[in-house]
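# prediction below, plus the sequence it came from.
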Amino acid sequence: MTGLFEAIVGPGSLDYIINLVIMLIIILLKIAAVVAVALLHVAYATYFERKVIGHMQLRLGPREVGPLGLFQPFADGVKLFFKEDIIPADADKPLFYLAPVIFFISALTSLSVLPFFDGFAVANINIGLLFLFAMSSLGAYGIVLSGWSSNSKYAFLGGLRSASQVISYEIAMGLSLVGVMMMAGSLNLSDIVRAQQHYPLGLFAVPQFLGFFVFVVAAFAETNRLPFDLPEAESELVAGYFTEYSGFRFALFFLGEYTGMLIMSAIASLCFLGGWGLPSFVTAGLPVVAAKVLGLFWFLAKVYAFMFFYYWVRATLPRYRYDQLMAIGWKLLIPLALANIVITGLVKIWIKGMV
Amino acid sequence: MLPKLFFGYFAFAIIVLSLLVITRRNPVHSVMWMLLLFFQIASMYLFLNAEFIAAIQVIVYAGAILVLFLFVVLLLNLREELLTNRFISAWPVGLVFAGAIFAGAVSAVAAFVPNFSGQYTVDVINRETHTKALGQALYTDFLFPFEIASLILLIAIIGAIVLAKKRMRS
Amino acid sequence: MVPLNWYLMLSAAVFSIGVFGFLTRRNIIIMFMSVELMLNAVNISLVAFSHYLQDLRGQVLVFFIVTVAAAEAAIGLAIIIALFRNKATAHVDDMNEMKG
Amino acid sequence: MNYYLLIPFLPLAAFLINILFGKSLLKENAHWVAILAVAGSWVISVATLIDVMGGKTLNQDLYTWVSSGGFKASVGFLIDPLTAVMLIVVTTCSTLIHIYSTGYMHGDNGYYRFFSYLSLFTFCMLMLVMANNFMQLYFGWEGVGLCSYFLIGYYFNKKSASDAGKKAFIVNRFGDFGFGIGIFVIFLTFGTIYYEPVFSQAGAFATKTVNFLGYDVHLMTLIALLLFCGSIGKSAQMPLHVWLPDAMEGPTPVSALIHAATMVTAGVFLVARCSPIFSLSETALMVVALTGAITSLFAATIGLVQNDLKRIIAYSTVSQLGYMFLACGVGAYTAGIFHLYTHAFFKALLFLCAGSVMHAMSGELDIQKMGGLKKHMPITYWTMLIASLSIAGVPGLAGFFSKDEILWMAYSGPSPVGKLVWLSGTLVAFLTAFYSFRLIFLTFHGKFRGTHEQEHHLHESPKSMTIPLMLLCVGAVASGWVGIPALIGENLGIHNYIAEFMKPVLGHPEGHGTHGEEMMVMLVSVAVGFAGIGLAYFMYMMRPDLPGKLATQFSGAYKVLFNKYYVDELYSAIIVRPTIWIARNILIGVTDARIIEAIVNGVPSAIGGFSRQLRKVQTGFLHHYALIMAAGVLIVMGLMLMRSW
């Protein structure tokens, strides 16, 4: 066995191969852990949303399944999983199957570069932020293809709307993060978190308030959430691009959307709100492990705060018209983001000149 | 050996995907194969220690240009497309030309021996991070071309808007 | 270590496939995609050169090629839309108004 | 010295203002701009004259106009005694005539247009006389020609006026053609067209000959004669004199300014300016002298029998211009310029008086229909009388001094034809006196012969016209006093100032004659002058029937003279009609129809046929183009590979 292996791979590289395999297994374990945890969070994000919205509307929300309705997400999952999977007659089948997968995968992949606490990310890469952009731009494929392959006018229009919305706001979002990149001097998310520690309150949201504002608005649009949920505006387009989807494929879109929200919240938390970075007087006395666990919770608290903001906005604001949405994106957010970049650059030069 | 295996995989995947792109009857499928192709190319760039270019490949090519293609394809009438010939009748001529170009390129490449070595070794790029190194080159030595590139993009935006917008009834 | 020439051969192969597609397909969008394929082939060889010759100029060129590709896609697709609006076809052999 | 620039540019500014704003804004006030500008020029010209008398000269380029290879021309100014005198002549006459025009042109439709042309003319004339190179001289030369065309054809809806304008323009082309070639030859010879180097090097070429059309021609003679061609045209000498009498179709102030005092003298100025060249060629000088003498005699004889008031003065002008050339031709450039200077005053005065008479006669010009105007328009009468006395050479008046100077120079000078032209000049002096007083007697004396209505209308002209007349009258009397000949001046302690003043530029030939001879010449010229006046008095006051009798008795000669020696008819027969015949039958019938049309239509149809073939290459199919591109790539690739192997 070994001989054959060496014949193929080359002599003396067995140890190397074994190390590689072990590394691969570790990575796979990391991925599994992150995905499992994330999906659990996504499941409970739906429950959280229903509860929050319910209470905001003076209702109680789900409470029948399990104590306080805590098993409601599982009940929903089971329901969706066993539902009949209907495929429209003239649908482009391969693409119809593929679209939700692309959507869900692009959302899940983004998780790989997020540092959840100090030193932990599935892939701690130098271009983490760019990777996030790349993945979020892939989401548009899932939307467009699902809309087109359904062979339904509602779905198609919803898909086109959503895709142009996502592509438009991606620009604003990317530009809004350029200010952060400039201040941190890196595209690595961990570096960005660390860089924030040197700023007042440990936040980029203060000096980058313009960027943060643009980012928040763009994040709402990117995830097709109210007040920008035009693609799935039920009164106009039934359910938008996933009108024809049902059962498990619909669940993929559903999960993808909430994963997207989670990722946006995580990016907001990492890039603007300080991520897992705790003030040094807190971490000073703690053992390293405790500090990291505390950081994780600190990070999750910010993520959930942002999620709560999502729900709060949903309960508060009405939907925009489509042309208004585009006008905000192109005529307000992009110029603002550009101005933010210019200001950041000038201030940076100014500070450099002072030192 | 292992790098060669990886290269073999990429070469195989890229060539097969390229062929799929140009032979599919349905343009939407072509676009999807091309998406996959771009990912393969991006991954290969990672192996060539060009992470920023890889990201650009995905963000710009896959995320922007190809989406545009997809949009346009979706706007066209595909029913008829699926029933007519894919290729022009004189496709063997094209094959001969493409083959000749390939032969010429291969014969030229076969004789190529790299005899130049710059300052950006793998170590340097890893230390500086690729993005920073590229940015430094771009904003110092290539500042003027960079500005021209931005101008080209501006012109393209204006041109695209002018071309694609519906004629106003005046 | 993979020899540089392998990358160049791969690039030549992709380029030739692009040429073949451009010369033979009837659908103008696929022809466009063939052009993108050719550009990508060039990018591959440029990045490979850049890596093997340890010089960033190749990648800077890639950057500009991407820029030009984006501009070309925007303009070209706008032209296709305008054409399609008038001719209701995406087949180049149905378009020969420019003949002498 | 920079204020010299204002001399030409003030009128230019006035021209621009009038032509741009005259119609809409200035209207009846257009004259103010023009008069102020030209008066300003006059003031500066006087200042310039004083500077130049103090010994200053200027030769300076303002800016480079053309620079091409070795050729360079600039806008530049040369201020020397000759220029200073010309400036005074031009600006003085121009100013007075501007003022006169306000009265004469009053109420005319194109009032602003008239003044803007006058200003433009003044500008061009000043550029001409102030030039320091031949190019600018040519610019001014053509500029005044253009203005002359504008102004002769000022009443453009009158066919005779526009025809006269065209005639003047076309006739001048003949002369200017020679002039232009002359400038080319100068450039070829000297490699420059600036006066200063040309004149200083001219001596070195004095004996050089060139092969011209197979003959060995003396180079300086060639240049001088070519330049003289221009002079002949511009100054209306034989045989190109025909345009000047016709030019009387223009408004009278124009006749006075352009066709008496300034523009027509440009030819004389040119000869004087180029005196270093002319002096090197005895032949050329002889030609100049003989042309002048013949022209003056010829024009004077025509003047004897004409009845048109302005035409008589016009022939008189041709005749006097001939006098000036006669002077130049015998080497007495100073005398020529002196006569130019005095003549400007009395001839302008004559014309303006004629204008005044016309004004009173409602445009009537036939002197046979006038008479007895003396009591109606005394100022006009007296000023015109003085002008006529001056032109007749009555001692003490301006014309006497300059004419006497010319005759004496001709008689005593070294020129081989000197005695001959003296004789002719004396004869002309007699004729001049005769026709001038014929004019006076027929116009102002005797009984009025016009219609009753005209008689009733007779009146003296307004002040704006009579004041310039009086001012010019002063010039006609006194302008000659700067050139009192040695014969008289010696005893009084007065020098011949103008001769001394001009000497640095024009030289001053020393006469060989004795005082006795000089006295003889002077007495003869005075005698013939009085004889002419007397004869006129005899024929038109004492025996008014005599002219008619003579006309019938010598009807052949009379007809020839009355019809101006049939020169116009001759030209019509040998030039105009053949030209028209060629134009009709050959140019239209053959050249136009067969050659030009064939080329014009043939070239496009050939191109069209070729492109019909060529455009088949453009199939419109993208794939064909793509294949050709791929083939191109393959060819380039093949070439590269071949080179590397």
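It's in. Numbering: from 1, shown residues only, chains lettered A, B, ... in the order given.
# helices or strands up against the lengthiest helix in chain A?
Longest helix in chain A, counting residues (DSSP state H): helix A:14-56. Contact analysis of helix A:14-56 by 3 or more C-beta pairs under 8 Å, 6 or more residues apart in numbering or on different chains; DSSP states H and E lists helix A:2-9, helix A:72-82, helix A:247-271, helix A:288-316 as its packing neighbours. Any C-beta I mention is one placed from the backbone N, CA and C, and that applies to glycine too.
# and those as TSV, adding distance to D:G372 and mean pLDDT?
Below are the helices and strands packed on helix A:14-56 laid out as TSV (distance: least, C-beta to C-beta, whole Å; pLDDT from 0 to 100):
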stretch	distance to D:G372	mean pLDDT
helix A:2-9	139	55
helix A:72-82	132	84
helix A:247-271	115	86
helix A:288-316	114	86
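# quick check: what element follows the lowest-mean-pLDDT helix or strand in chain B along the chain?
Within chain B, no helix or strand scores below helix B:78-81, which has a mean of 69 by mean pLDDT, DSSP states H and E. Per DSSP states H and E, helix B:78-81 leads on to helix B:91-110 as the next helix or strand towards the C-terminus.
# in chain B, where is pLDDT below threshold?
Low-confidence segments of chain B, defined by pLDDT under 70, are located at B:1, B:77-81, B:167-170.
# need the residues of it near chain D, please.
Within chain B, the positions adjacent to chain D are B:88, B:90, B:93-94, B:97-98, B:100-101, B:104-105, B:107-108, B:111 by C-beta under 8 Å from any C-beta of the partner chain.
# since we're on A:F120, how many residues are nearby?
The criterion is other C-beta atoms under 10 Å in any protein chain shown. On that basis, A:F120 has 17 neighbouring residues.
# A:V122 sits in which helix or strand?
Taking DSSP H and E as the definition, A:V122 sits outside all helices and strands.
# neighbours of the nearest residue to it once chain neighbours are set aside, how many?
In space, not counting the residues next to it along the chain, A:V122 is nearest to A:S112; the distance is 4.1 Å by C-beta to C-beta, 6 or more residues apart in numbering or on different chains. The local packing of A:S112 (other C-beta under 10 Å) involves 20 other residues.
# wait, A:S112 touches A:A123, no?
Yes. In this structure, A:S112 is within contact of A:A123 by C-beta atoms under 8 Å, at 4.9 Å.
# okay, now the domains of chain A?
Chain A breaks down by automatic domain parsing into domains covering A:1-82, A:86-352.
# most packed of these?
Of all these, domain A:86-352 carries the top mean neighbour count, a mean of 20, counting by mean count of other C-beta atoms under 10 Å in any protein chain shown.
# ok, the closest residue to D:S148 other than its chain neighbours to D:I588 distance?
Counting by C-beta to C-beta, 6+ apart, D:S148 lies nearest to D:I258, which is 5.3 Å off, once chain neighbours are set aside. If you measure D:I258 against D:I588 using C-beta to C-beta, to the nearest Å, the figure is 36 Å.
# what about the two, which has more around it?
For D:I258 against D:I588, the residue with the higher neighbour count under other C-beta under 10 Å is D:I258, and the figures read 27 against 11.
# centre of the chain to stretch B:28-42, how far?
Relative to the centre of its chain, stretch B:28-42 is centred 10 Å away, using C-alpha atoms, centre = their mean, to the nearest Å.
# just the residues contacting that stretch, thanks.
Identification of contacts with stretch B:28-42 by C-beta atoms under 8 Å, 6 or more residues apart in numbering or on different chains yields A:92, A:94-95, A:98, A:141, A:145, A:148, B:10, B:13-14, B:17-18, B:20-22, B:24, B:54-55, B:57-58, B:61-62, B:66, B:69-70, B:73-74, B:78, C:30, C:33, C:36-37, C:40, C:43-44.
# show me the one of the helices and strands packed on helix A:14-56 that comes nearest D:A299.
Shortest distance between D:A299 and those, using C-beta to C-beta, is found for helix A:247-271: 104.6 Å.
# tell me the contacts of D:S296?
The contact partners of D:S296, taken as C-beta under 8 Å, 6+ apart, are D:V318, D:S319, D:Q320, D:L321, D:G322, D:Y323, D:L326, D:S424, D:G425, D:V428.
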